[in-house]
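Asker: Got a predicted structure plus its sequence, pasted below:
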Amino acid sequence: MEGLLSVSVGTVFWASVAFLCVLVIMKRMAWGPIMSSLKDREEGIANALRQADLAKEEMSRLQASNEDLLREARNERDRILSEAKAMSDKMRNDAVGRSQEEANRIIAKAQAEIESQKQAAITDLKNQVADLSVQLAEVLLKDSLTEEQKQKALNHSLIKEFGAN
Amino acid sequence: MLCVDYFCTAKNGYVMVRIYQFLFIIGFLGMTSSAFAQHEGHNSEPVAHDQVSVEQSAPAEASAHEGAEAQAHSVQDTTHAKEEFKIGEMIMHHISDAHQIHLGGSLYIPLPIIILHEGHLDVFSSSNFYSVNEHGELDYHDYKGYRNHHEMIEFVGENASHDAHGHKVMDFSITKSVFGMMLVIVFMIILFRSVANKYKRNVGKAPSGFQNMIEPFILFVRDDIALPSLGKKKAAQYTPFLLTVFFFIWMCNMLGLIPFLGGFNITGTLSITLVLAAIVFIITSVSGNKHYWGHIFWPPGVPGFVKVILVPIEFMSIFIKPCVLMIRLTANITAGHIIILAFVGLALMFGQQSPVAGYGVGVGSVLFMAFMYCLELLVAFLQAYVFTLLAALYFGDATQDHHHEHEHEHEIQHAH
C-alpha cells in the first residue's frame, strides 16, 4: 500500500511538465483547427438549411404568383372573347341594318326615279299627243276650211266646245 | 452550497451514482487490502526485502489466454521451486509504479534513473539496480550508494549493510507511469495532428477515416460536457482543456488495459492524478469570479450562525473537490487492475494447493477476468468522462454569473 498511495515529487514534476506540454501542443495544433473547422462546417450546414428554407418559401411564393397570373390570364381571355363576340354581333347587326337601309334607300330612289320617269313619259306623251292633235287638226282644218260651210260648222263646234268649257 | 449545487443540476443523478460507486470501490479497496493483510499474516516465512517473491510469469494485464498460461506456469513453478506465492505482493508489485517495465518472463526494459542528491544530478539506467535471475525475477543490488528499496530510491552510501536505512533522495526518474504517460502524449500528438490536418484538408466535406472516429468524442465533450456546464459564452474558453484532459485520461486508461505491454497503471498513480486535479483546482481558483468567492466566504441569504458553520465547510470544499477527483480516478483504475489481478492470483493460489484445483479455479477466473476486462474498457471511458464533466462543472460554478446563482438558490430551497 505504501508504494501505491505515496506521491513522488519526480512523478509530479514529470506529470506537470508532460501535461502542460500536451495541453499547449494540443491547443495550438489540434483543438484550434478542429474546433474552428467544426464551427465553420456547422455554420455552413445551418446556412444551407436556411437557404433551402428560403428557396422553398420563394418557390411557393412563385407558385402562388404563377397561379394568380394564370387566373388573371384566363379572366382576360374570357373577357376578350366575350368582348370580341359582342363586337362581332354588333358589327353584324350594324352591317345588316346598314344594308337594309341602303336597300331601302336604293328602292326609294328607284321608286322616285321610276315616278319621275313616268311623269316625264306622261308629259312627253301628252306633248306628243298634243302635237299629233295639232297636226291632225291642221290636216283636218286644211281640208275642211276649204269649204265655207264646213268652216262655219267648225267654228260652231269649237265655240260650243270651248264655250262649254 | 457548492456541494449541494451538484445534486441540483441536471447531471446530479449521475453524480450521485458516481459517488456511491466511488464509496463502494473505496470499500472494496479496504476489504481487499485487509484480506491481503490477513493472507500475508498467515505467512510464517518472512521474505527478504529486495527479493520480490512474485509469480513473474503473470503480467499485470493478463488477457484470458495469458491468465491460463500464467496458471499453468505457476503450477510448474510451485512444484519445482516450492516458493510461497503471495498474492498481495504480486498485486501491489503490478499496480505500483516501478523503475523498469516488466514485459513478461525475464524480459525487462530498464528506464532512466534521474536523481537529485545533495545538489548534483545522477543519471543512469535502472538496469544498474538489478540483475535478472534464472526464474525471471529481479535480484536487486545497490549502485553508486543508491538503493532501490521497493521502488523508492534511497541513498545508503557505499558498501552499506543489507538492512541499513538510507535517506530519501529527490527522484526525478522516468518511471513506468511517466514513461507510459509520454507514450500516450506522443500517440495523442501523432493522432490529433493527423486528425487536425484532415480537418484542414477536408473543408466542406463529410468527415472520413480517423477524423470520423474521433469527431463524435470531440462533439461529445464540446456539446454534452462543456456547453451544459459552462454555458455558450464560456464553453469555448475551457473546451481545449476539457478535450485534452478527456483524451489524456481515456488514453492513459486504455494503455493500462493493453496486455503484454507491462501493465501501465498511469491514471492509477496518485502523483499523476494529483497533477490533473491540481490543474483543475488552479484553473477553478483563477477563473473564480466574485460571486464564486462571495458564496464561499460570505454565503448570501443565510443567518449569521449558519455562516459560522457554512464558511469553513465551503472553504474546505474548494480543496475537497479536486481531491475527490484525484482519488476517484486513482481508485477506479487501480481497483479495476486489482480485481483482474486478484482473479489471476486466485488461480495461482489454488494451483499452489494442487494442480487440479488450480486448473479448476482457473477456468472460472478466466471467465470473470474476461468479464472484468469488458467492464474496465467501459470504466476507462467513464472515468475520463466523469473527470472531465466534474472539472467542467467546477469551472462552470466558478464562472457562472449572478443570474444563474439565484436560479440555483431557488432550486436548493425547492429541494429542501
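Answerer: Happy to help now that I have it. Quantities reported herein were computed from a predicted structural model and do not represent experimental measurements.
Asker: which SS class is the closest residue to residue B:121 other than its chain neighbours?
Answerer: Using CB to CB, 6 or more residues apart in numbering or on different chains and skipping the chain neighbours, the partner closest in space to residue B:121 is residue B:114 (6.7 Å). Where you see a C-beta, it was placed from the backbone N, CA and C, and this is true even at glycine. The three-state label given to residue B:114 by DSSP: H, G, I helix; E, B strand; the rest coil is strand.
Asker: my read: residue B:114 touches residue B:178, true?
Answerer: No - between residue B:114 and residue B:178 there is no contact under CB atoms under 8 Å: 10.1 Å.
Asker: Mutual contacts of those two, please.
Answerer: Counting by CB atoms under 8 Å, 6 or more residues apart in numbering or on different chains, the residues touching both residue B:114 and residue B:178 are residue A:10.
Asker: Do you have the helices of the chain handy? List them.
Answerer: As the question left the chain open, I've gone with chain A. A:2-5, A:9-25, A:32-144, A:148-164 (DSSP state H).
Asker: Switch to chain B, please.
Answerer: Going by DSSP H, chain B shows helices at B:2-8, B:12-42, B:64-81, B:87-95, B:176-201, B:210-219, B:227-255, B:270-287, B:290-297, B:304-353, B:355-399, B:402-415.
Asker: Now render these as TSV, adding distance to residue B:161.
Answerer: Shown next, in TSV, are the helices of chain B (distance: least, CB to CB, whole Å):
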stretch	distance to residue B:161
helix B:2-8	52
helix B:12-42	25
helix B:64-81	27
helix B:87-95	23
helix B:176-201	29
helix B:210-219	55
helix B:227-255	40
helix B:270-287	31
helix B:290-297	54
helix B:304-353	33
helix B:355-399	39
helix B:402-415	63
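Asker: quick revisit: now do the contacts for the residue nearest to residue B:121.
Answerer: Counted by CB under 8 Å, 6+ apart, residue B:114 has contacts A:10, B:121-123, B:171-174.
Asker: ok, now residue A:11?
Answerer: With CB under 8 Å, 6+ apart, residue A:11 has these contacts: B:97, B:175, B:177-178, B:269, B:271-272.
Asker: If we check chain A, which of those are in contact?
Answerer: B:97, B:175, B:177-178, B:269, B:271-272 (CB under 8 Å from any CB of the partner chain).
Asker: Least confident secondary structure element in chain A?
Answerer: helix A:2-5 (a mean of 65; mean pLDDT, DSSP states H and E).
Asker: Please name the bridge partners of residue B:100.
Answerer: residue B:110 (DSSP bridges).
Asker: That one and residue B:107 touch, don't they?
Answerer: No - judged on CB under 8 Å, residue B:100 makes no contact with residue B:107 at a distance of 10.4 Å.
Asker: Neighbour count for those two, which is higher?
Answerer: residue B:100 (23 against 13; other CB atoms under 10 Å in any protein chain shown).
Asker: Quick check, pLDDT for the more buried one.
Answerer: We have a pLDDT of 87 for residue B:100.
Asker: cool, residue A:20 as well?
Answerer: So residue A:20 comes in at 93 (pLDDT).
Asker: Tell me how many other residues crowd residue B:140.
Answerer: 19.
Asker: That one and residue B:150, how far apart?
Answerer: 9 Å (CB to CB, to the nearest Å).
Asker: swap in residue B:384?
Answerer: 30 Å.
Asker: More neighbours: those two, which one.
Answerer: Between residue B:384 and residue B:150, counted using other CB under 10 Å, the more crowded position is residue B:384 (24 against 15).
Asker: any idea how far residue B:183 is from the residue nearest the centre of chain A?
Answerer: When CA atoms, centre = their mean is applied to chain A, the residue found nearest the centroid is residue A:80 (5.3 Å). Residue A:80 sits at a distance of 88 Å from residue B:183 (criterion: CB to CB).
Asker: For chain A, give me the ranges with low pLDDT.
Answerer: Scanning chain A for pLDDT under 70 picks out A:1-4, A:144-145, A:164-165.
Asker: Could you rerun that using 50?
Answerer: In the predicted model of chain A, residues A:1 satisfy pLDDT under 50.
Asker: and it, which residues reach chain B?
Answerer: Within reach of chain B by CB under 8 Å from any CB, chain A has these residues: A:1-16, A:18-23, A:25-27, A:29-35, A:37-38, A:40-41, A:44.
Asker: That's all I had, so thanks and see you.
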